[in-house]
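Student: Kindly generate the corresponding structure for this input.
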Amino acid sequence: MASPLKRDQIPPKQAEYWRRNFAEEQKTIFSLNVPQILLQKDTYKKLAGENENRLRIYLGLEPELEKGNYVLCAYAVSAFLLGSGDVYVDYETPVYKLGVKNENFSDRSKLVIESIRNYRKWRMGELDSENSTAAFRKFIFPNAYLLTKYELHEIFNVQGKLDAQIEFGVSKTMNILISPDVKENRAFDDEGEVFDYGGLCPPICDDGSIYNS
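Tutor: Sure, this is the predicted structure:
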């Protein structure tokens, strides 16, 4: 019998599926190399502080290509809750570059900003616009991730690990598309109106429905 999942943990098979999707996309539209990215316990402690602030991970690009591909990198900063809402604001420093070893880049903030800006240009398909699929990256890649407290607390404080590895996966879901114009065979690049007002089940389900029992 499988062990119950911890808070914010996803099933191993789901993680495998996301990794496989990422690997497939990497062959086509990514043109991206992803090195090993680690968050070290010491870095976590410095960024989280006594209040266990949340961490935000920004994605960036290395300045040099590797075998013709861009190379992803990541930076971590501390984010604190502003007021009583759900808005988290970054502390500008310290900022750490995450790799096999974490480096304090607080005195190199200009390099960090340039790296993040280049990544966003890549994400929008502007760095290699001759690639016909580059424009699709913006639907797959975010600019950053705001991590919850729980997984890092579990890994570093409960399990006592010295490192946490950061990987990436792609979740492929069949979304509903609703069009006001009826066509028997619609082209992929059809420019007609398309709506997506469908909440996915799960997580938006009627648990009391006989059709969802």
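Student: what about the most far-flung residue of the chain relative to its centre, which SS state?
Tutor: For the chain, the residue at maximal distance from the C-alpha centroid (CA atoms, centre = their mean) is E184, at 36.6 Å. E184 carries the three-state label coil when classified by DSSP: H, G, I helix; E, B strand; the rest coil.
Student: Ramachandran coordinates for it?
Tutor: Here is the backbone geometry of E184 (degrees, to the nearest 10): phi -70, psi -40.
Student: next one: the one 3 residues further on
Tutor: Comment: the main-chain dihedrals of A187 come out as phi -70, psi 150, following degrees, to the nearest 10.
Student: Buried residues, stretch 51-69. List them.
Tutor: Buried residues in stretch 51-69, defined by neighbour count with 16 or more other CB atoms under 10 Å: N53, R54, L55, R56, I57, Y58, L59, G60, L61. Every C-beta, even on glycine, is put in place using the N, C-alpha and C of the backbone.
Student: So which of the residues you listed belong to strands?
Tutor: Among the buried residues of stretch 51-69, the members falling in strands (DSSP state E) are R54, L55, R56, I57, Y58, L59, G60, L61.
Student: so who does the first one touch?
Tutor: So the one you mean is R54. Contacts here follow CB atoms under 8 Å, 6 or more residues apart in numbering; on that basis R54 touches A48, S78, A79, F80, L81, Y88, L146, L147, T148, K149.
Student: Name the member of those residues that has the highest neighbour count.
Tutor: Counting neighbours by other CB atoms under 10 Å, S78 leads the contacts of R54 with 23 neighbours.
Student: who does it bridge with?
Tutor: Beta-bridge pairing of S78 under DSSP bridges involves L55.
Student: if we can go back for a sec, nearest to P203 among the buried residues of stretch 51-69?
Tutor: Closest to P203 out of these is R54 (21.3 Å), distances taken as CB to CB.
Student: And the pLDDT for the closest one?
Tutor: Looking at R54, its pLDDT stands at 94.
Student: Please list all residues in contact with the closest residue in space to it that isn't next to it in sequence.
Tutor: In this structure, R54 finds its nearest non-sequential neighbour in A79, 4.8 Å apart by CB to CB, 6 or more residues apart in numbering. By CB under 8 Å, 6+ apart, the contact list for A79 reads N53, R54, L55, R56, Y88, V89, D90, Y91, L146.
Student: Contact partners for the third one?
Tutor: Right, L55. Contacts of L55 were listed using CB under 8 Å, 6+ apart, and they are L39, Y44, L47, A48, A76, V77, S78, A79, L146, L147, L152.
Student: Among those, which are located in strands?
Tutor: Per DSSP E, the contacts of L55 map to strands at L39, A76, V77, S78, A79, L146.
Student: For I176, see how far away the residue nearest to R54 is.
Tutor: 33 Å (CB to CB, to the nearest Å).
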